[in-house]
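> sequence-free structure coming up:
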């Protein structure tokens, strides 16, 4: 990827990220987030990780953002005026982000050896074959255990949000 | 594409020391323009005419037949009419998003054409993750539709947008999972690679290579119809309930964009299934002339795709719209489990017969033909009992 | 097709994964069986879970004592893994035993309850066996999400909902720290495999590594409820169903410490000077805050929550020392702590009746005359928590403090001993109430709850046995920790890269 393209895309990603914070309306914030995620997907593709890039596009920009939007609509969030109060919160927030920026600069100025050393990249880097190979050898247990984790999440969603038919506080009914 | 540009540069067409990047960009631009203006958009328009004519036949009407021979130019007239109309923007809408949404939808419609394998050489870019690219860029549609529904600031639009998004996100799961049996069989994600792993004869197509892929092809077709908001899954724009769903507030060119994308998507749906399961452009090698072969392949590919497009038009003229809960239960209770079984079953099949089973394709093909014959017999039964004139002269 | 590869490229050692698979499979079976079972008659599901745990326990016995790396370094099979597998499974079995009547009486959804307990157990075991940081994270999440849900399963109770939500929000927050820490460690060293990390994280570490280790510390600190990351503990312990509170106090702590000790005391020893001072401060804060706030509690569950915080502080005292003796002491302490707390919570369940939780210290009044056996059990548990010989708590505290003393942390040990003395006040208050006062809550006849009796009896016997005759358990802890410290066979690591 040529440098100018990288800078252009990175700038777009940062503009989108800033939009998430600066937009007043939650839906606008969300669409800014979609933009950031799509641009990051393009960056992935530019860096040779096409599979990851397209998966990011499908999963995040396509599916997860839609769920976020549903939540925003479900809660009927409206445009939020910036609140003048909460000085302490603002102070702590600024402090936190300042620390993060300082940390980032520190790593740029004084990068750890693991980042600076050039690593040999396999010919088929980023291909789906290589991805599958690491998923099913080195990270087999992590990959399979994640399915258990997701199953637990699904059970939790159903167990906590399901309507109780046998009275006891939940809304009656439970139409299919 | 790059080879063609390189050969032209080598012939000295662009001077002695040409700026290569610019020439490549020019080539891509020109070919994209040809594909989009010459194929994608006219196709969308023509399908709208075909669809209206076919429905008319099915409902014993005439359909549009005034503009041009048999009303063929109806789509141009409609397009011109929409372009000339006023572009209304509701006062209470969110104007920026309202204006931007149709472009996003049309973008999601045009991007897949970049990897459309028309023939062994006519392809803009043979990405090694082609099919993944196709599903991921079509996923952008949902953002545009939601944006349109929300920005219109209208109950019908919003409900249409929500329905559409829920539908697309849900059906993306069986659609995505049904792609993978074919990918497993071919061992690659590239569109050309998948086609090359099949042959010209039906018994070498992935659709018939084992029972699981046969079901997967059907699941994929159903899910793709749902993702494209096609009847019987066109709840987002259910006219009797929602006027025109997320497109209610749109008019003029922007309205046209939504429907051009919807009709054009039929070609993309057909192309995906043709590529994955029906052998793509594969044609017997009867000539060593590359041009002849490419033309034959182009025709083969288009016949297959257009047949699938015709089926979806047929379905739209035949089936009633489903309810939203039926739509969701079809997806989550039937298609998703079936496609999981398909995926695992195909993997097991490959593990048992790594080089393919020689008997199964014939059985599957025979089964398919049996289904077709049974179906045709029923159709013929009604055919005989009805008035013949309308059916026999389609050009009224 | 160039992307062919064979699974022979990675080393398979099935022994560490079999108990995990059995527990996860059992969870799924219980969940499916639960669909057909009425919530008030869920004992059958409990027995099914117990059977699962028993089978897993038997298979866990097959894990070798010397270290074996399996699944490309993702899991480690050694005495340490086996020790925690067995302890966690035993604790889970006691939890299920004491839930049998409680869940049915409270009308909690049985299928979800028992399957989530099993899923959480699987997550805990994954943390104990983790050979890389991703597995630590996934195990931790599996465990935590199950427990968030379990805490909120009593859906009609607002306190339960509050507990669940509070635990979830703070837990998610802490997981963020943990993940960020893992990311920074990966950035600094280029690996997430613990064995590779132990050779890379030595000498003067890069700032990125240090920040990563700090974040990791915060993440673990939340899970073990170390001060100042303890804010969720009292409310969550109080609001959750009592059996789940016991599970949080015992299972979650066991697993969190299993991963914490393996990461810090085994693989990050190279940068020990950098984190031991932080642990020193954390230990002092945790012990002192826990004990002082516990003095003012009137609710037994809340009191035990603060006591759990204080005990995390005692364990941190040993971790500060960082030697192999300290590691063994931590393991031994956890063993005693687990059984003691299980017993205490089981007694609280025995006090409760449907709709009447009876969780106040005043509810214990006169228990010594009405239910002498129950009162005696509670007294033994509280004595053990105080650290009165010859119970498990005493030997645990003794070994933990002596490990710290060996490394010259005199001030720390003095603070710990003072704390221990302070804690005697609030531990003995319920004992006094049981034997001197009159007019507490009515208790359901114990004989109608045989499973609960069994749970209490096992906990009492274990607490006494570990305290009176500590040698075999001490030896087990020592050899378990020693096997975690040993280097893996080189041949195994060499064949990891295909």
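Nice, thanks for sending it over. It should be emphasised that the depicted structure is a prediction, and the values quoted were computed from it without experimental measurement.

> Which positions in chain A make contact with chain B?
By the rule C-beta under 8 Å from any C-beta of the partner chain, the part of chain A lying against chain B is A:27-28, A:31, A:34, A:38, A:41, A:50-51, A:54-55, A:57-58, A:61-63, A:65-67, A:69-70, A:73, A:127-128, A:176. For every residue, glycine as well, the C-beta is placed using N, CA and C.

> any chance you could map the helices in the stretch 351-498 of chain C?
Along the stretch 351-498 of chain C, the segments classed as helices by DSSP state H, counting those that start in this stretch run C:367-370, C:372-386, C:392-406, C:410-436, C:450-468, C:471-485, C:490-494.

> In TSV: those, plus mean neighbour count and distance to chain A.
Putting the helices of the stretch 351-498 of chain C into TSV (neighbours: other C-beta atoms under 10 Å in any protein chain shown; distance: least, C-beta to the nearest C-beta, whole Å) gives the following:
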stretch	mean neighbour count	distance to chain A
helix C:367-370	18	31
helix C:372-386	22	30
helix C:392-406	23	32
helix C:410-436	18	29
helix C:450-468	20	23
helix C:471-485	19	18
helix C:490-494	12	12
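
> between the ones you listed, which gets nearest to residue B:158?
Residue B:158 sits nearest to helix C:450-468 of all these, at 53.9 Å, using C-beta to C-beta.

> elements contacting the closest one?
Counting contacts by 3 or more C-beta pairs under 8 Å, 6 or more residues apart in numbering or on different chains; DSSP states H and E, helix C:450-468 packs against helix C:79-106, helix C:324-351, helix C:372-386, helix C:392-406.

> Turn these into a markdown table, columns for mean pLDDT.
Formatted as a markdown table, the helices and strands packed on helix C:450-468 follow (pLDDT from 0 to 100):
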| stretch | mean pLDDT |
| --- | --- |
| helix C:79-106 | 90 |
| helix C:324-351 | 91 |
| helix C:372-386 | 90 |
| helix C:392-406 | 90 |
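
> ok, the residue of the stretch 51-200 of chain B found nearest chain A to residue B:306 distance?
Here the stretch 51-200 of chain B gets closest to chain A at one residue, residue B:139, 3.1 Å apart by C-beta to the nearest C-beta. Separation of residue B:139 from residue B:306 (C-beta to C-beta, to the nearest Å) stands at 25 Å.

> Now chain A against chain C: closest residue?
Residue nearest to chain C within chain A: residue A:129 (2.8 Å; C-beta to the nearest C-beta).

> Please name every helix or strand in contact with the helix or strand hosting that residue.
Using DSSP states H and E, residue A:129 sits in helix A:128-136. Counting contacts by 3+ C-beta pairs under 8 Å, 6+ apart, helix A:128-136 is packed against helix A:50-56.

> quick one: contacts for whatever residue of chain A ends up closest to chain B?
Closest contact between chain A and chain B, by C-beta to the nearest C-beta, is at residue A:62 (3.1 Å). Residue A:62 sits next to B:136, B:139, B:140, B:142, B:143, B:169, B:172 when contact means C-beta atoms under 8 Å, 6 or more residues apart in numbering or on different chains.

> now the strands for chain A?
Read by DSSP state E, chain A holds no strands at all.

> can you list the domains in it?
Under the assignment automatic domain parsing, the domains of chain A span A:1-79, A:121-163.

> Those: which one's closest to residue B:376?
Comparing the domains of chain A against residue B:376 with C-beta to C-beta, the closest turns out to be domain A:1-79 (38.7 Å).

> Summarise which helices and strands whichever strand or helix holds residue C:222 is packed against.
Residue C:222 is part of helix C:207-224, with elements assigned from DSSP H and E. Helix C:207-224 makes packing contacts with helix A:87-109, helix C:158-189, helix C:253-261, helix C:272-294 when contacts are defined by 3+ C-beta pairs under 8 Å, 6+ apart.

> now with 10 Å?
Under the contact criterion of 3 or more C-beta pairs under 10 Å, 6 or more residues apart in numbering or on different chains; DSSP states H and E, helix C:207-224 touches helix A:87-109, helix A:113-116, helix C:133-151, helix C:158-189, helix C:253-261, helix C:272-294, helix C:300-321.

> Worst mean pLDDT among these?
Mean pLDDT is lowest for helix A:113-116 among the helices and strands packed on helix C:207-224, at a mean of 64.

> In chain A, what helix or strand scores lowest on average pLDDT?
In chain A, no helix or strand scores lower on mean pLDDT, DSSP states H and E than helix A:113-116, which sits at a mean of 64.

> sorry, back to before: export the helices and strands packed on helix C:450-468 to JSON lines and tack on distance to residue B:261?
Shown next, in JSON lines, are the helices and strands packed on helix C:450-468 (distance: least, C-beta to C-beta, whole Å):
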{"stretch": "helix C:79-106", "distance to residue B:261": "54"}
{"stretch": "helix C:324-351", "distance to residue B:261": "61"}
{"stretch": "helix C:372-386", "distance to residue B:261": "68"}
{"stretch": "helix C:392-406", "distance to residue B:261": "68"}
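
> Select, out of those helices, the one closest to chain B.
helix C:79-106 (29.6 Å).

> Pull the contacting residues for residue 37.
I went with chain A, as the question did not name one. The contact partners of residue A:37, by C-beta atoms under 10 Å, 6 or more residues apart in numbering or on different chains, come to A:13, A:16, A:17, A:56, A:57, A:59, A:60, A:61, A:62, A:64, A:65.

> Switch to chain C, please.
Residues in contact with residue C:37 (C-beta under 10 Å, 6+ apart) are C:30, C:43, C:44, C:45, C:48, C:109, C:110, C:111, C:114.

> The second one and residue C:110 touch, don't they?
The one in question is residue C:43. Yes - applying C-beta atoms under 10 Å, one finds residue C:43 in contact with residue C:110, separated by 8.2 Å.

> And the pLDDT at the residue lying closest to residue C:258 once chain neighbours are set aside?
Among residues not flanking residue C:258 along the chain, residue C:128 sits closest, at 4.0 Å (C-beta to C-beta, 6 or more residues apart in numbering or on different chains). Residue C:128 carries a pLDDT score of 92 in this model.

> Residue C:128 contacts residue C:331, correct?
No - with contact defined as C-beta under 10 Å, residue C:128 does not reach residue C:331; the gap is 11.0 Å.

> Common neighbours of the two, please.
Joint contacts of residue C:128 and residue C:331 (C-beta under 10 Å, 6+ apart) are C:80, C:83, C:84, C:87, C:254, C:257, C:258, C:261.

> how close does the fifth one get to residue C:315?
Think residue C:254. According to C-beta to C-beta, residue C:254 stands 11 Å off from residue C:315.

> cool, the last one as well?
Residue C:261 sits 9 Å away from residue C:315, taking C-beta to C-beta as the criterion.

> re earlier: any idea which of the helices of the stretch 351-498 of chain C gets closest to residue B:190?
Minimum separation from residue B:190 across these (C-beta to C-beta) falls at helix C:490-494, 35.3 Å.

> now the helices for chain A?
Here chain A has its helices, by DSSP state H, at A:3-22, A:26-46, A:50-56, A:65-75, A:87-109, A:113-116, A:128-136, A:140-161.

> Fine, thanks again, bye for now.
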